[in-house]
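S.K.: Show me the folded form of this:
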Amino acid sequence: IACANLVINLGIRKENVIMCDSKGVIYKGRTEGMNPYKERLAAETDARTLEEAIVGADIFFGVSVKGALTPEMLKSMAKDPIVFAMANPDPEITPPEAKAVRPDVIIGTGRSDYPNQVNNVLCFPFLFRGALDTHASAINEEMKMAAVKALANLAKLDVPDSVRRAYGNADIKFGREYLIPKPFDPRVLLHVAPAVAQAAMDSGVARRPIEDMDKYIESLEARQGRAKQVMRNLINKAKANPKRLVFPEGDDERILRACQILVDEGIAKPILLGEENEIRTLIKDLKLELNGVTIIDPNTYENRGTYIDTLFEMRQRKGITRAEAKRLIKKNRNYFGAMMVHLGDADALLSGIDHHYPETIRPALEIIGKKEGLSKVHGAYMMVTKKDVVFFADTTVTIEP
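M.R.: You can find the predicted model right below:
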């Protein structure tokens, strides 16, 4: 009944909803096993069984028992049927059973070993968080709807690598196999709780309104651990003055997904190096929205000649010929990116996701070099502990850091 009320509030017409219980279809005029809650959802229909009611249906919501939806019933549903078989511990029909008879089925269950797990953990903790943080006097329909829409919007966003790693580096993107955010996605807290809190304020049940929603979201993020809090402080500093950040590996999908976060949060202004058509095709395939991102192809860049001349002048005493300088600028994007930083066309360079460490750092050392007054270059690690944030120099560059 709660599921039916929710989808009706989302816009599905009440007359298109047919409810069933253990005694069959809940229809107008039925007397056996009825109550006021069922009466409100009783349908004008001649169907008396689930088997009859499901013919031509677009969506099935099941919270009953294993086997309630048979393969034959599924066959009778409309094209691209949506099935949420949420009986526990075993669903009304399993995904393998469903896809064997309807390859076009879109299915979710309560099981973690199948795609599209419908799990209360995606909702209740964060619904309560938003309600508690606003001292809401009630949890109303507006707050529930806000939670639903926040989850739906999150499912369409690009999935960060941290979530992919938690699920075995799976290729997770919105579609038939990923309609619902994963239970271990830390972003759920940051999307659902604020949406619920805002709905509580908008609907008049919040007794302690949140004055600054951005700061509230940051406070939620800080609860996820000290590392999150430290990173948020760094992110806020970066957002105050976004820098031009060049990525030599601009055609790597991991880089593109990271750039989506940079753009969405206004952290930096990405510059992607690579063949433009290839990068734009990859952006489209990944369903990213990298509007305004600069893409530069070193092979066709108008200032390439200046980069070649500068590299030759800088390194000719180190054995670099003009032909070698031309080859490095044209073929090695780490050299090209380092030269962009050196000549002021970019503020910083980030590379190494798909290259060996020496190949990545050598161009930076040769072109950008050390800051005046410094004698050594070090690799560094930031370690976040319960008490402190400590930076350690390591031996990646200097054997005695």
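S.K.: Helices of the stretch 101-250 of the chain, residue ranges please.
M.R.: 124-133, 141-156, 161-166, 187-202, 213-222, 226-240 (DSSP state H, counting those that start in this stretch).
S.K.: how is this protein carved up into domains?
M.R.: Domain ranges of the chain: 2-118, 121-231, 241-369, 375-401, per automatic domain parsing.
S.K.: follow-up on the earlier one: relative to residue 80, which of the helices of the stretch 101-250 of the chain is closest?
M.R.: For those, the distance to residue 80 is smallest for helix 141-156, at 17.4 Å, taking C-beta to C-beta. For glycine as for every other residue, the C-beta is placed from the backbone atoms N, C-alpha and C.
S.K.: export the domains of the chain to CSV and tack on mean neighbour count?
M.R.: Listed next are these as CSV, based on neighbours: other C-beta atoms under 10 Å:
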stretch, mean neighbour count
domain 2-118, 16
domain 121-231, 17
domain 241-369, 17
domain 375-401, 11
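S.K.: got CSV for those domains, with mean pLDDT too?
M.R.: Below are the domains of the chain laid out as CSV (pLDDT from 0 to 100):
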stretch, mean pLDDT
domain 2-118, 95
domain 121-231, 92
domain 241-369, 94
domain 375-401, 83
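S.K.: ok, back up a step: I'd like the helices of the stretch 101-250 of the chain laid out as a markdown table, including distance to residue 3.
M.R.: Listed next are the helices of the stretch 101-250 of the chain as a markdown table, based on distance: least, C-beta to C-beta, whole Å:
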| stretch | distance to residue 3 |
| --- | --- |
| helix 124-133 | 15 |
| helix 141-156 | 11 |
| helix 161-166 | 26 |
| helix 187-202 | 18 |
| helix 213-222 | 28 |
| helix 226-240 | 34 |
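S.K.: Residue 112: which of those is closest?
M.R.: Closest approach to residue 112 among the helices of the stretch 101-250 of the chain (C-beta to C-beta): helix 161-166, 12.0 Å.
S.K.: I would like the residues contacting that closest one, please.
M.R.: 170, 171, 172, 182, 184, 185, 186, 187, 254, 257, 258 (C-beta atoms under 8 Å, 6 or more residues apart in numbering).
S.K.: Phi and psi next, for the second one.
M.R.: Think residue 171. When read as degrees, to the nearest 10, the backbone of residue 171 gives phi -80, psi 90.
S.K.: how far away is it from residue 62?
M.R.: According to C-beta to C-beta, to the nearest Å, residue 171 stands 28 Å off from residue 62.
S.K.: cool, and the last one?
M.R.: Note on residue 258: its distance to residue 62, by C-beta to C-beta, is 39 Å.
S.K.: got it, and the fourth one?
M.R.: The span separating residue 182 from residue 62 equals 22 Å under the rule C-beta to C-beta.
S.K.: same deal with residue 305?
M.R.: Distance from residue 305 to residue 62, counting by C-beta to C-beta: 67 Å.
S.K.: Also residue 143?
M.R.: Taking C-beta to C-beta, one finds residue 143 at 25 Å from residue 62.
S.K.: This protein: strands as residue ranges?
M.R.: With DSSP state E, the ranges of strands along the chain come out as 20-21, 24-25, 59-62, 82-85, 106-109, 243-247, 268-273, 294-296, 348-349, 379-384, 389-394.
S.K.: Okay, now the sheet partners of the fourth one, with direction.
M.R.: What it means is strand 82-85. Paired strands of strand 82-85, with direction, are strand 59-62 (parallel), strand 106-109 (parallel) (DSSP bridges).
S.K.: got it, and the second one?
M.R.: For strand 24-25, the paired strands and their directions (DSSP bridges) read strand 20-21 (antiparallel).
S.K.: Now for residue 123: which residues touch it?
M.R.: Residue 123 makes contact with 147, 151, 192, according to C-beta under 8 Å, 6+ apart.
S.K.: CSV please, covering those residues and showing distance to residue 107.
M.R.: Listed next are these as CSV, based on distance: C-beta to C-beta, whole Å:
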residue, distance to residue 107
147, 22
151, 18
192, 23
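S.K.: quick one, helices of the stretch 251-400 of the chain?
M.R.: Under the criterion DSSP H, counting those that start in this stretch, the stretch 251-400 of the chain contains helices at 253-265, 276-285, 304-315, 322-331, 333-342, 357-363.
S.K.: Could you tell me the end-to-end distance of stretch 115-122?
M.R.: 15 Å (C-alpha to C-alpha, to the nearest Å).
S.K.: Repeat that for stretch 391-401.
M.R.: Stretch 391-401: ends 12 Å apart by C-alpha to C-alpha.
S.K.: repeat for stretch 177-189
M.R.: 22 Å.
S.K.: mind checking how far that stretch is from the chain centre?
M.R.: 8 Å (C-alpha atoms, centre = their mean, to the nearest Å).
S.K.: ok, now stretch 111-131?
M.R.: On C-alpha atoms, centre = their mean, the centre of stretch 111-131 falls 16 Å from that of its chain.
S.K.: swap in stretch 84-98?
M.R.: Relative to the centre of its chain, stretch 84-98 is centred 26 Å away, using C-alpha atoms, centre = their mean.
S.K.: same check, this time on stretch 110-120
M.R.: On the basis of C-alpha atoms, centre = their mean, stretch 110-120 sits 18 Å off its chain's mean C-alpha point.
S.K.: next one: stretch 237-253
M.R.: In terms of C-alpha atoms, centre = their mean, the centre of stretch 237-253 is found 19 Å from the chain centre.
S.K.: contacting residues around that stretch?
M.R.: Taking C-beta under 8 Å, 6+ apart as the rule, stretch 237-253 contacts 255-256, 259, 262, 265-275, 278-279, 282, 286, 294-295, 333-334, 336-337, 340-341, 345-351, 353-355.
S.K.: and the end-to-end length of that stretch?
M.R.: Start and end residues of stretch 237-253 are separated by 26 Å (C-alpha to C-alpha).
S.K.: residue nearest the centroid of the protein?
M.R.: For the chain, the residue nearest the mean C-alpha position is residue 159 (2.8 Å; C-alpha atoms, centre = their mean).
S.K.: If we ignore the residues flanking it in sequence, what's nearest that one?
M.R.: residue 172 (4.4 Å; C-beta to C-beta, 6 or more residues apart in numbering).
S.K.: ok, now which ones touch that neighbour?
M.R.: By C-beta under 8 Å, 6+ apart, the contact set of residue 172 is 159, 163, 164, 178, 182.
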